[in-house]
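In: Build the 3D model from these lines:
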Amino acid sequence: MAAAKRAFDLAGASLALLLLALPMAAIALWIRADSPGPALYRQERVGRGGRIFRIRKFRTMAADADRRGPPLTIGADPRITRAGAWLRRTRLDELPQLIDVLEGRMSLVGPRPEVPEYVAHYPAALRDRVLSVRPGITSPAALAYIDEAALLARAADPEREYVEVILPRKLQLAADYAEHAGLWSDLCVLGRTLRLLAARRA
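Out: Presented below is the predicted three-dimensional model:
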């Protein structure tokens, strides 16, 4: 299963990068024109086996956003740029992670990688299960909480809501994925992701 999943990841990421090279270049130019700073954003995340890696994303916030607020994005965060608002809504900011898939740090489908400070809140049993597989660009939990920023905006204490309510639910979904994942379930998650994103762009 692991070899088949890796082969599927390599083939899917390679094809996607080939087809999307020009749109990704256009997005990068748009980001640079829209606000000062680089087109790509790199952030430390926790990957398979607890190893730290620097995830790639298109930059959707002001270049100094990390110094101006928490890692959580809450509602209409003022740090988000004009280009970034659209990229986040369509999830196109995640496209550079196809490179992370090629490098073997991520998979097309798998638990979304968290920043170290939130991984510190993982219960030991769930932590081992969730980190036993490569993190993914999309996952059942990511689809269930695709409007997470809006949910947090309605909370009296967004960070507490995330740590005590949303994170445990996402972890359980991630652990369930890690235990039962297969190529067919990955294809189903990818199909659901594409349909949902197409509906959000409509």
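
In: Now do the residue lying farthest from the centre of the chain against Asp100, distance only.
Out: What lies farthest from the middle of the chain is Ala156; by CA atoms, centre = their mean that is 24.8 Å. From Ala156 across to Asp100, the span is 35 Å (CB to CB, to the nearest Å). Every residue, glycine included, has its C-beta placed from N, CA and C.

In: Excluding chain neighbours, what is closest to Arg91?
Out: Leu197 (5.5 Å; CB to CB, 6 or more residues apart in numbering).

In: Now the one you found: which helix or strand?
Out: Using DSSP states H and E, Leu197 sits within helix 183-201.

In: any idea how far that helix is from the chain center?
Out: Its chain's C-alpha centre and that of helix 183-201 lie 14 Å apart, by CA atoms, centre = their mean, to the nearest Å.

In: Packing partners of that helix?
Out: helix 2-34, helix 82-90, strand 107-109, strand 136-138, helix 140-144 (3 or more CB pairs under 8 Å, 6 or more residues apart in numbering; DSSP states H and E).

In: Now do the third one: everything it contacts.
Out: Strand 107-109 is contacted by residues 5, 8-9, 12-13, 101, 133-139, 177, 181, 185-186, 189-190 when judged by CB atoms under 8 Å, 6 or more residues apart in numbering.

In: same thing with the fourth one?
Out: With contact meaning CB under 8 Å, 6+ apart, strand 136-138 is reached by 94, 97-98, 101, 106-112, 189-190, 193.

In: now, the most widely separated pair of those?
Out: Of all pairs drawn from these, the widest gap by CB to CB lies between Leu98 and Pro111 and measures 17.5 Å.

In: who has more neighbours, those two?
Out: Counting neighbours by other CB atoms under 10 Å for Leu98 and for Pro111 shows that Pro111 has the greater number, 29 against 22.

In: For that one, give me its contacts.
Out: Contacts of Pro111 by CB under 8 Å, 6+ apart are 130, 133, 135-136, 139, 141, 174, 177-178.

In: Please name the residues that touch the closest residue in space to Leu20 that isn't next to it in sequence.
Out: Spatial nearest neighbour of Leu20, excluding adjacent residues (CB to CB, 6+ apart): Leu95 at 6.3 Å. Counting by CB under 8 Å, 6+ apart, Leu95 touches 16, 20, 24, 27, 58.
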